[in-house]
Structures are given as structure tokens and as C-alpha cells.
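Enquirer: any chance you can model this:
(one chain, ligands or ions: 1)
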Amino acid sequence: MPEVSATKTLSEPHKGTTTDAAVDLRSDTVTKPTPEMRRAMAEAEVGDDVYGEDPTVNKLQAGAAEIFGREAALFVPTGSMGNLIAIKVWTHHGNEVICEERGHINQYELASMSAIAGCMPRTTSALDGILTWDLIEPLIRPKVYYRAQTALISLENTHNMAGGTVYPPEVAEDICEHAHAAWLPVHLDGARIFNASVALGRSVAALTRKFDSVMFCLSKGLGAPVGSMLVGSREFIEKAHVYRKLFGGGMRQVGVLAAAGLIGLEKSPQILHRDHENARYLAEGLAAIPGIAVDPRKVQTNIVIFDLRGTGRTAAEFCAELAKRKVLAGPTDKYCIRMVTHYDVDRAGIDRALTALREIA
Ligand code: TLP
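Expert: Here you go, the predicted structure:
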């Protein structure tokens, strides 16, 4: 992928896509910290977080716990580490974890649940990535000593590789209630739970209240440069704290990062709807291009995955052509491309992307 030259300076207002910068739609992880974040980072009060003495981290953790209506929260370096820590807390070596086939924990975390937590993923594929209890129940192993035991169910909301789809709250709650009746905990990979919250007009606390643990990312749509959070009961977070250290995630004067996270948490949810509007607009433009297949009505949040088989090109060829026109996107398979909207891409940027897409198709 070509270099992106969109570095913003402290004095520059945060203003979305500029004419000479690339329109970077590879992910919402590419956002640069806003000038307000950079200022807060420079001025952050810090201490040694391994001693629990970083006031800014403590404030972020307390704030996240409050927003989710939970007892406690933990700042972790990445979403992947947050998910792995949760899997470690809820399972033992030799257990199975039920998740959707395209889920991030199954496809994009380097098999860490097996390599490190010693668990097997037990997967099924679900329409739009949305699991239901009917799909999950047959995957639960019988309690027989010679069968690996199911220890955890993990859902992903929004579902990244299904195109940012949102769990209907009643479906997620039904899964949690049935799972609890079967003595199984449910973890939520809520990397983009704030996008789900905006799409549904429901609070993150309401959407996640039945889950036993939640991971969400500060470094995606919320725009912070680094970091994710785990939230749950005090007991869960105490155990998570130990595994964070075990995995090398005990950080020191990390208030400089938490300061940006605090701003993302406070300010970004109010503006996420723009990313969703831009994604829908992008999908509508894409649907009008001959050879490209996408259903704009299915675009609920900030992710658009489209099929370009009809253009006769592969996704890799298409992305290379886009990059020459300073529009960045990534293939998800041979004929599909993912584009993710975020606060560093405005409507003009989406128009530039559509012009490039039309030229190539
Ligand atoms: N997703 C990244 C890539 O790894 C695919 C992206 O560009 O979307 N859960 C979900 C649902 C995610 O989408 C991601 C990152 C993670 C977990 C992991 O977060 P990080 O990158 O902080 O480890």
C-alpha cells in the first residue's frame, strides 16, 4: 500500500479529506488523533499504571465502566489482546469457543485462542454474521469426559467482515439468556459497539447489559490512536488484569494514550452517524456502477463490502488501480473489497472515491 501523507499538525483544525491527501478507506483504524487529542496527550497527568498510579488511565477506566453500567474496566493495548484476555479468563486449555466463522477472533487474531489460550474455535456461518441461539445450541458439546467442553460463546457487534452488521438487541439477549441457563458465559467483541449503538439509537449499556464481558476499541471509529477497553464485573477485571500483565500488556506512564481515549469516548459517539451516512452514500454510488454488486439497504454502519466480479477484475487489481488514484481500500477475498468510513474522510472524499471507482469499472 502506498504511503499516506495526511499528517495533521497541532495547529491545524480537524477537517477531513484534503484534496492532495489519499482517501484512506482501508479501515477506521487509520484515523489520526485530532488536535484536541494531541493537546490532551501532551498535557496528560501520568503515573506508573502497573502500580495502578496513572490518574488518566484510572479516569478512563472509571469512565468506561460508568458508560457501560459495569463495575470495572481495564485499558488494554489492542482489541486483539482484549479478546484474548477475555478468552483466557473464561476458559481452560482444551476447551472450545463458539463464534461466527468470519469473526475477528477466528480469522484475524493469528489463532491466538489456540496458540496461547489452548482453545479450539467451534464455528458456524450465519446470515450477515448474526448468530442465533438455534445456530449455537447444536454446537455445544455434550458433557462427556472424552469430548472437548464448550466454555464460551463470543459474538461480534458490529460484525466487521459481514459488512458492519448490527445484532438486533433481542437476538443478542436471547443468546445470553439461553447461554446462562446452560452455565456458559458470553463475551462480546464490541470493537465497534458504539457504531451499533448509534445505528440502533440505544445506549451501549443497554446493548451489552447481558454479556459477561465486553471488549471495545478506542482506536477505531472513536478515533484514538491506540487502545481498547475490557469491561465487566470487578472479579472479571481482576483476573483480566493478571492476564494483561502475563501477555506483556502492563504499560507504565500510559496516561498519554488514555488521554486521547477519554476524548474519543466523550466526543466521538455524537459524530459517528456521519460515518454511517457516508457509508450509505458510498454504497448507493457503488450500486449504480455496472459490474459492482452491493445492497445499500444492508449498510447499517460504517463498513461497505462490495462484489466486483461483474467488472472482470480481481479485488487486488482493482485496489491497485484505486491506489494509483490515491484511494485506498483492501480486498476481503478474490472479488470483494471492503471500504470503511471514518472521521478523516468527508463527503468530498467519498465523491473522489466514487469517481475513481467509476473510471476503473
Ligand atoms: N480489525 C481490523 C483488522 O484487524 C481486520 C480492521 O481493520 O477492521 N475485533 C474486531 C471486530 C476488529 O475489527 C478488530 C480490528 C479487532 C477486534 C482487533 O483490534 P486491534 O487491531 O486493536 O487488535
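
Enquirer: near the ligand, which residues of the stretch 101-250 of the chain are found?
Expert: 104, 108, 156, 160, 189, 191, 217, 219, 228 (Cβ under 6 Å from any ligand atom). No exception for glycine: its C-beta is placed from N, CA and C like everyone else's.

Enquirer: host element of residue 155?
Expert: Using DSSP states H and E, residue 155 sits within strand 150-156.

Enquirer: make a markdown table out of the residues of the stretch 101-250 of the chain next to the ligand and add pLDDT.
Expert: Formatted as a markdown table, these follow (pLDDT from 0 to 100):
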| residue | pLDDT |
| --- | --- |
| 104 | 98 |
| 108 | 98 |
| 156 | 99 |
| 160 | 98 |
| 189 | 99 |
| 191 | 98 |
| 217 | 98 |
| 219 | 98 |
| 228 | 98 |
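
Enquirer: can the residues you listed go into CSV with extra columns for secondary structure and neighbour count?
Expert: Formatted as CSV, these follow (DSSP: H, G, I helix; E, B strand; the rest coil; neighbours: other Cβ atoms under 10 Å):
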residue, secondary structure, neighbour count
104, helix, 20
108, coil, 14
156, strand, 29
160, coil, 26
189, strand, 29
191, coil, 26
217, strand, 27
219, coil, 25
228, strand, 25
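
Enquirer: possible to save the residues you listed as JSON lines with distance to residue 331?
Expert: As requested, these are exported to JSON lines (distance: Cβ to Cβ, whole Å):
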{"residue": "104", "distance to residue 331": "17"}
{"residue": "108", "distance to residue 331": "14"}
{"residue": "156", "distance to residue 331": "20"}
{"residue": "160", "distance to residue 331": "14"}
{"residue": "189", "distance to residue 331": "22"}
{"residue": "191", "distance to residue 331": "20"}
{"residue": "217", "distance to residue 331": "22"}
{"residue": "219", "distance to residue 331": "22"}
{"residue": "228", "distance to residue 331": "25"}
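
Enquirer: distance check, residue 353 against the ligand.
Expert: 17 Å (Cβ to the nearest ligand atom, to the nearest Å).

Enquirer: one step back: buried sites along the strand holding residue 155?
Expert: Residues of strand 150-156 classed as buried by neighbour count (16 or more other Cβ atoms under 10 Å): 150-156.

Enquirer: now the stretch 51-200 of the chain against the ligand: closest residue?
Expert: Using Cβ to the nearest ligand atom, residue 79 is the residue of the stretch 51-200 of the chain that sits closest to the ligand, at 2.6 Å.
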